[in-house]
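S.K.: okay, predicted coordinates and the sequence, questions at the end:
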Amino acid sequence: MLEIELVPDLSHCIETVARRKYEDTLKKLLAPGETSKELEERLETLGLFLQTTDFGKLRAESEKWLLEGRVVKFVIYTEGGVPRYTMQVLSKD
């Protein structure tokens, strides 16, 4: 199962981080000779995540920790064609 890590901060919310990762993956896929099953799966997972996620809820969940100086990491993946995520709150160090 492909897992994608997204780490927002106070300057870039989870939606912005996901969009940037999607755009970077798309650029890699469009580059000559760079097609791979993993890149295609990554692009599909990120696309589904961007289309179906309630980012207001994710921002509310993560911002309170970010304001406390903690690191927040989202791990996204698909399960049965449905995007899922886990959120981890890590110490600053």
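M.R.: Arrived safely.
S.K.: any low-confidence regions in the chain?
M.R.: The model of the chain has pLDDT under 70 over residues 34, 93.
S.K.: what about the strands in it?
M.R.: Counting by DSSP state E, the chain has strands at residues 4-6, 71-79, 82-90.
S.K.: tell me what the last one is packed against?
M.R.: For strand 82-90, the contact count by 3 or more Cβ pairs under 8 Å, 6 or more residues apart in numbering; DSSP states H and E identifies helix 37-52, helix 55-67, strand 71-79 as packing neighbours. Just so you know, the C-beta spots here come from the backbone N, C-alpha and C atoms, and that holds for glycine as well.
S.K.: now the angle between helix 37-52 and that strand, please.
M.R.: 90 degrees (axes from the mean of the first three to the mean of the last three Cα atoms, to 10 degrees).
S.K.: roughly how far is strand 82-90 from the heart of the chain?
M.R.: Distance, stretch centre to chain centre, for strand 82-90: 9 Å (Cα atoms, centre = their mean, to the nearest Å).
S.K.: alpha carbons only: can I get that strand in CSV?
M.R.: Output in CSV follows, covering the C-alpha atoms of strand 82-90 (Å, rounded to 0.1, in the frame of the first residue of the first chain):
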residue,chain,number,x,y,z
VAL,A,82,-11.4,5.6,-1.0
PRO,A,83,-8.8,8.1,0.3
ARG,A,84,-8.0,7.7,4.0
TYR,A,85,-5.6,9.5,6.3
THR,A,86,-4.0,9.3,9.7
MET,A,87,-2.7,12.3,11.6
GLN,A,88,0.3,12.1,13.8
VAL,A,89,1.3,14.8,16.3
LEU,A,90,5.0,14.8,16.9
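S.K.: that one to strand 71-79, inter-axis angle?
M.R.: Using the same axes, to 10 degrees: strand 82-90 against strand 71-79 is 160 degrees.
S.K.: buried residues of strand 82-90, list them for me.
M.R.: Pro83, Tyr85 (16 or more other Cβ atoms under 10 Å).
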